[in-house]
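**Student:** Let's see this in three dimensions:
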Amino acid sequence: MAVPVAFFAVFFAYPVTAIVGRGLKADGSWHWGRFGEVLSRPDIGQVLWFTTWQAALSTALTLLIALPGAYVFARFEFPGKQLLRAVVTVPFVLPTVVVGTAFLALLGRGGLLDELWGVRADTTVWAILLAHVFFNYAVVVRTVGGLWAQLDPRQEEAARVLGAGRFAAWWRVTLPALGPAVAAAALMVFLFTFTSFGIVQILGGPAYSTLEVEIYRQTAQLLDLPTAAVLTMVQFAAVGGILALHAWTVRRRETALKLVDPAQTVRRPRGAAQWALLVGVLGTVLLLILLPLGVLIERSLDGPGGYGFDYYRALRSVEASGGTFLVPPLEAVWNSLRYALAATVIALVVGGLAAAALTRRAGRLARGFDALLMLPLGISAVTVGFGFLITLDKPPLDLRASWILVPLAQALVGVPFVVRVMLPVLRAVDGRLREAAAVLGASPSRVWREVDLPMVRRAVLVAAGFAFAVSLGEFGATVFIARPDRPTLPVAVARLLGRPGDLNYGQAMALSTVLMVVCAVSLLVLERIRTDRSGEF
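**Tutor:** Residues are numbered from 1 along each chain as shown. Below you'll find the model as predicted:
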């Protein structure tokens, strides 16, 4: 536990405490009255209200649209199912900047709707809601569908035999069994939409601001640290409550249910109603997921001289960016890959050690340690990034000029994913195997190499893939600490979108397409590696 605790103490607790302290502390004393001052402001009240209601509405829409998809993927067998399952998961591993860019290409100025019907919707709340559904569709499909595929269908059939209608049987038998999984998925969707940054920053315009966007505005543009510190603590408290509820629902989901092999529950659709449901879900995937991604690719190829690779070629030139970058934008690709690889190594070391510690300890200490690992999901990434700038500037931690600063910030977000992937597998390893190896004279390191590692090798690869994808798209903290001569892909996309001109817009579309392809390839590789698909995302 020592290495993970030290890592989080130095690179998470220290920067966050420092930035919050600068905002709430003056003349050596804490000014808690600033909470009342900030939260009583009408503009902040509007931000809190918008953050809450858009997250609630986004969650409701996502459940409404994705639950039929969860049923189709859980119970129907059809050609191309595994490929389609990977396709619907692509949006979840995409950086939110790319999601915002894709919907900008669909709904914004010069977008598909603008060209066909002269309609722009990029600065409306509906654009934000649709982008959130696009991003979180896979959360519901895979979390709920994973459990749905294991429920014994004979329970619902028995209710039908006893006289219940189709809807009544589903409502009274299936839905209560799915309840914890639906609740867990809803809470995760609410968490992602409550802390939304990149999507709202690109699609919302000045009229809409979530807590995360307002923290960025107060910190980077207005330099109002007291307000940013109060909003950070409010967001942390809210997300902490959401995570606690999520942990409770996960524990409930682990209660005894009559589960069967998913292979026994799938079959080809029967009857007109089931075929209509399958066609409806495929149509939803086409319009909601494939259309924005397709328009993004189309806009990246639609150059001033017709379709071609003009915008991609422009990425190799500093002059083409109009002074936006000190280096050719294409270098952002290699910067992001290098940073993400370094962040993946750090996340695997820290997260692997943490998961190993949690498998060997129990009680309050382990629960507290587990909660510590999830804290980066509850604190504003903007706060972490700005905290890096004001704390890691003195020996022996003078890292502001070092390239390692970006991977460290990215690894903070990757560690929770590594722990959540590796922990169930490590806990499944029979402890008697380790004991037998130790009795036969193996050292602890050799026990790990000979017993644990062969069993968890596949989980390590999956964890590495998720850490790599998450690190590649990290934006909130990186926007502060990425150097102008070493931009990352999400930062480069945001900067290009922030400047006028068709050339900057086209280059943003091209960079977003590159980032989308890299993330999609990573996900497809993960799908080939994974073998256990029971109930877990």
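
**Student:** tell me, how many neighbours does residue 167 end up with?
**Tutor:** As a burial measure, residue 167 scores 8 neighbours (other CB atoms under 10 Å). C-beta: built from backbone N, CA, C; applies to glycine.

**Student:** what comes up buried for stretch 363-370?
**Tutor:** By neighbour count on 16 or more other CB atoms under 10 Å, the buried set for stretch 363-370 is 369, 370.

**Student:** What are the contacting residues of it?
**Tutor:** 1, 4, 5, 354, 357, 358, 361, 419 (CB atoms under 8 Å, 6 or more residues apart in numbering).

**Student:** Can I get the buried ones among the residues you listed as something I can paste into ChimeraX?
**Tutor:** Buried residues within those, by 16+ other CB under 10 Å, are selected in ChimeraX with:
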select :1,4,5,354,357,358,419
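
**Student:** Just checking, which of the contacts of stretch 363-370 comes out lowest on pLDDT?
**Tutor:** Among those, residue 361 has the lowest pLDDT, at 70.

**Student:** State the distance from that one to residue 1.
**Tutor:** Residue 361 is 8 Å from residue 1, where distance means CB to CB, to the nearest Å.

**Student:** would TSV of the contacts of stretch 363-370 with secondary structure and distance to residue 22 be doable?
**Tutor:** Formatted as TSV, the contacts of stretch 363-370 follow (DSSP: H, G, I helix; E, B strand; the rest coil; distance: CB to CB, whole Å):
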residue	secondary structure	distance to residue 22
1	coil	30
4	helix	26
5	helix	24
354	helix	29
357	helix	33
358	helix	34
361	coil	35
419	helix	30
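
**Student:** closest to residue 49 among the contacts of stretch 363-370?
**Tutor:** residue 419 (33.9 Å; CB to CB).

**Student:** Please list all residues in contact with that closest one.
**Tutor:** Applying CB under 8 Å, 6+ apart, we find residue 419 in contact with 351, 354, 355, 358, 370, 373.

**Student:** Tell me which two of the residues you listed sit farthest apart.
**Tutor:** 351 and 370 (11.8 Å).

**Student:** got JSON lines for the contacts of stretch 363-370, with distance to residue 239 too?
**Tutor:** Shown next, in JSON lines, are these (distance: CB to CB, whole Å):
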{"residue": "1", "distance to residue 239": "24"}
{"residue": "4", "distance to residue 239": "20"}
{"residue": "5", "distance to residue 239": "21"}
{"residue": "354", "distance to residue 239": "20"}
{"residue": "357", "distance to residue 239": "24"}
{"residue": "358", "distance to residue 239": "21"}
{"residue": "361", "distance to residue 239": "25"}
{"residue": "419", "distance to residue 239": "17"}
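
**Student:** quick one: which of the contacts of stretch 363-370 is nearest residue 285?
**Tutor:** Comparing the contacts of stretch 363-370 against residue 285 with CB to CB places residue 419 closest, at 30.8 Å.

**Student:** how far away is that closest one from residue 444?
**Tutor:** Residue 419 is 21 Å from residue 444, by CB to CB.

**Student:** Could you do residue 59 as well?
**Tutor:** Using CB to CB, one obtains 45 Å as the distance from residue 59 to residue 444.

**Student:** now residue 69
**Tutor:** As judged by CB to CB, residue 69 and residue 444 stand 46 Å apart.

**Student:** more neighbours, these two?
**Tutor:** Between residue 69 and residue 444, counted using other CB under 10 Å, the more crowded position is residue 69 (26 against 10).

**Student:** tell me the SS of the more buried one?
**Tutor:** Each residue gets one of three states, and residue 69 gets helix by DSSP: H, G, I helix; E, B strand; the rest coil.

**Student:** Run through the residues that contact it.
**Tutor:** 88, 137, 140, 141, 145, 281, 284, 285 are the contacts of residue 69 under CB under 8 Å, 6+ apart.

**Student:** again, only using 7 Å
**Tutor:** Contacts for residue 69 (CB atoms under 7 Å, 6 or more residues apart in numbering) come out as 137, 141, 281, 284.

**Student:** By neighbour count, which of those wins?
**Tutor:** Taking other CB under 10 Å as the neighbour criterion, residue 141 ranks highest of those with 29 neighbours.

**Student:** Tell me the confidence at that one?
**Tutor:** Value for residue 141, per-residue pLDDT: 88.

**Student:** sorry, back to before: which residue in the contacts of residue 69 has the weakest pLDDT?
**Tutor:** Among the contacts of residue 69, residue 141 carries the lowest pLDDT, at 88.

**Student:** which helices and strands does the helix or strand that contains it pack with?
**Tutor:** For residue 141, the element it lies in under DSSP states H and E is helix 125-148. In terms of contacts (3 or more CB pairs under 7 Å, 6 or more residues apart in numbering; DSSP states H and E), helix 125-148 is packed against helix 42-75, helix 81-93, helix 96-107, helix 175-194, helix 198-203.

**Student:** chain center to it, what's the gap?
**Tutor:** 12 Å (CA atoms, centre = their mean, to the nearest Å).

**Student:** Could you pull up the mean pLDDT of the following helix or strand past that helix?
**Tutor:** Toward the C-terminus, helix 125-148 is succeeded by helix 153-161 as the next helix or strand (DSSP H and E). For helix 153-161, the mean per-residue pLDDT is 82.

**Student:** between helix 153-161 and helix 175-194, how big is the angle?
**Tutor:** Computed with axes from the mean of the first three to the mean of the last three CA atoms, to 10 degrees, the direction of helix 153-161 lies at 120 degrees from that of helix 175-194.
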